[in-house]
Every structure is written in C-alpha cells, then in structure tokens.
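Engineer: Okay, sequence plus prediction incoming.
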Amino acid sequence: MKILFLGDVMGRAGRSAVTERLPKIRADWGLDFVVVNAENATSGAGLTAAHAKSLLDAGADCLTLGDHAFDQKEMLSFITQEPRIIRPLNFSKEAPGKGARLFTATGGRKVLVAQVLGQVFMKRPFDDPFSAIDIELRRHPLGGLAQATLVDMHCEATSEKMAMGHWCDARASIVVGTHTHVPTGDAMILPGGTAYQTDAGMCGDYHSVIGMEKAEPLRRFITGMPKSRFTPATGEATLSGLYVETDDRSGKAKRLEMVRVGGRLQPSAP
C-alpha cells in the first residue's frame, strides 16, 4: 500500500499548499491512503469545520489533531459528525471523538490510524501514551483486520518520540512524530519493519519561526516581553511529510522517503 503522511498544516499558507498540491500528488504517486495532521490549520491553533472539509476534499482520508484539538470550539461538535477526524487517544476521557479508527483504503484494504500525545515538556499532564497505544495495537494486530497501521506521536521531546517508535516496532506500519514543526532527517525502517521519522515537519512557510511570522517570537526571545499575538507566516509553504510503501500481508514497511514539495525546503540540485 502507498501511504502519505503530511505534517502539521500551519495556517492559511499550509492549507493552500495542501489543497493546491495534494490532488495532483495523490494521482501522480498512485496513493492509496493519505493522513494529514491539521491541528494548526486554522490561524495556527486548532481546526474549523470549513477548513477540515477543504483538506478532506483535497484528498486527505484522515485528519489528525493534537494538543490544540479543541482550540476552535466548533470542533467539539463537528468531530462527532465527521469520523475522518482523529483526536489523541490519551486526551481527556470526556473529550468527544475517537483517538483511533479503522479506515478503508483503495481496494477495500483497512488502515488503522491512531494518535497519542506525549508527556515530556508538554503544558499539561496527559495520560500515559504507551499504555494507550498498546491497547489499540493489541486490538488490531498487523496481518489481521488492518493491512496497515499508522501512529501519529504528537509531542515535544525527540526521545519520547523515538521511544514510541521502538515500542511500536513490528506492531505498527508507521510511527511518525508531529508537533515541533521541524522535519528531522532520520527516516528509517526499524528492525521489526516499522517505518519511523521523529518529526515529519510542517506544511507551512519555513521563512518563519516554526510557522509564525518572525517579529513577535523574536521580540519575546530577545526582550522577554510580549507585544502582540503570534500570527502564521503567509509565504509559500513547503509540503513536508513521509511517504511509505507497506506490504499488505505483513503490514510492514518496504520503502520510505521523506517528502519536501515546494517552498524553501524543496531539495536543490548539487
């Protein structure tokens, strides 16, 4: 199966890059399933129903969220109406929506998508992500009902993301990190057959401070004093993510490639 994961969509620039480029990418690459992390798609904080619909209409099969899942209050109700949106498994037990779900890819094949939030350096103490994902992986073992499993590990610490990759090795097809908005160069297939990357990066304008216009973050770092709100950068965005090919029988990864399309991170000729 050919699976594409796109990292955190950041504001209007990120949304435009996805909606303009994904339909052609999906067709040209013959993609079977596409997952997009969209928790920063609306003004850099959360996701509205309208923006969710535009990303799904562009070719995303599933949208994952994160710690900003419900910053846009309408998501509290919309997520119960739209099963293609996943919030973190270990979010509050009172939160609406689901943290894992089986989806249908091309040819009727099944893909399990799950998301967990890390605990290290996060602003609030979430439940243990390792025990939360363990329950789902035991419920849907590779080679069973699910031909592939993708885990979105949304957290700050690279060590915690790496630990999750090894915890899921041989039990998930893909473990990919999100949240820090900076793509890492460590895409690899782990010994048990799980495709892994510490952070997929963002779909946004990289002439910025992790997707935000530079002036206010710089002011706060230099002076320690805020003056205005952060606003997403609006220059040309780079689509950043991870492309993985999996074996339908075993669910293990056969090939992977880091994705950089357009904008400032597009690879240049030597």
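Structural biologist: Great, that's in hand.
Engineer: Would you map the helices across the stretch 1-150 of the chain?
Structural biologist: 11-29, 49-57, 75-81, 129-139 (DSSP state H, counting those that start in this stretch).
Engineer: what's in contact with the second one?
Structural biologist: When contacts are defined by Cβ atoms under 8 Å, 6 or more residues apart in numbering, helix 49-57 is touched by residues 9, 15, 18-19, 36, 38, 41-42, 63, 74-75, 78, 82, 84-85. All C-beta spots, glycine's among them, are computed from the backbone N, C-alpha and C.
Engineer: To which secondary structure element type does the closest residue to Val261 other than its chain neighbours belong?
Structural biologist: Spatial nearest neighbour of Val261, excluding adjacent residues (Cβ to Cβ, 6 or more residues apart in numbering): Leu239 at 4.1 Å. Classification of Leu239 by DSSP: H, G, I helix; E, B strand; the rest coil places it in strand.
Engineer: what are the bridge partners for the spatially most central residue of the chain, then?
Structural biologist: What sits nearest the mean C-alpha location of the chain, by Cα atoms, centre = their mean, is Asn37, with 3.4 Å. Residues in a beta bridge with Asn37, per DSSP bridges, are Thr64.
Engineer: can you check Glu257 too?
Structural biologist: Using DSSP bridges, the bridge partners assigned to Glu257 are Tyr243.
Engineer: and stretch 202-219, which residues are buried?
Structural biologist: Met202, Cys203, Gly204, Asp205, Tyr206, Ser208, Val209, Ile210, Gly211, Met212, Glu213, Glu216 (16 or more other Cβ atoms under 10 Å).
Engineer: now those residues in TSV, with pLDDT?
Structural biologist: Shown next, in TSV, are the buried residues of stretch 202-219 (pLDDT from 0 to 100):
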residue	pLDDT
Met202	97
Cys203	97
Gly204	96
Asp205	96
Tyr206	95
Ser208	92
Val209	94
Ile210	92
Gly211	91
Met212	92
Glu213	93
Glu216	94
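Engineer: Greatest separation within those: which pair is it?
Structural biologist: Cys203 and Glu216 (21.3 Å; Cβ to Cβ).
Engineer: need the buried residues of stretch 202-219 in JSON lines with secondary structure and distance to Ala195, can you?
Structural biologist: Below are the buried residues of stretch 202-219 laid out as JSON lines (DSSP: H, G, I helix; E, B strand; the rest coil; distance: Cβ to Cβ, whole Å):
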{"residue": "Met202", "secondary structure": "strand", "distance to Ala195": "19"}
{"residue": "Cys203", "secondary structure": "strand", "distance to Ala195": "19"}
{"residue": "Gly204", "secondary structure": "strand", "distance to Ala195": "23"}
{"residue": "Asp205", "secondary structure": "coil", "distance to Ala195": "27"}
{"residue": "Tyr206", "secondary structure": "coil", "distance to Ala195": "24"}
{"residue": "Ser208", "secondary structure": "coil", "distance to Ala195": "28"}
{"residue": "Val209", "secondary structure": "strand", "distance to Ala195": "29"}
{"residue": "Ile210", "secondary structure": "coil", "distance to Ala195": "24"}
{"residue": "Gly211", "secondary structure": "coil", "distance to Ala195": "25"}
{"residue": "Met212", "secondary structure": "strand", "distance to Ala195": "30"}
{"residue": "Glu213", "secondary structure": "coil", "distance to Ala195": "34"}
{"residue": "Glu216", "secondary structure": "helix", "distance to Ala195": "36"}
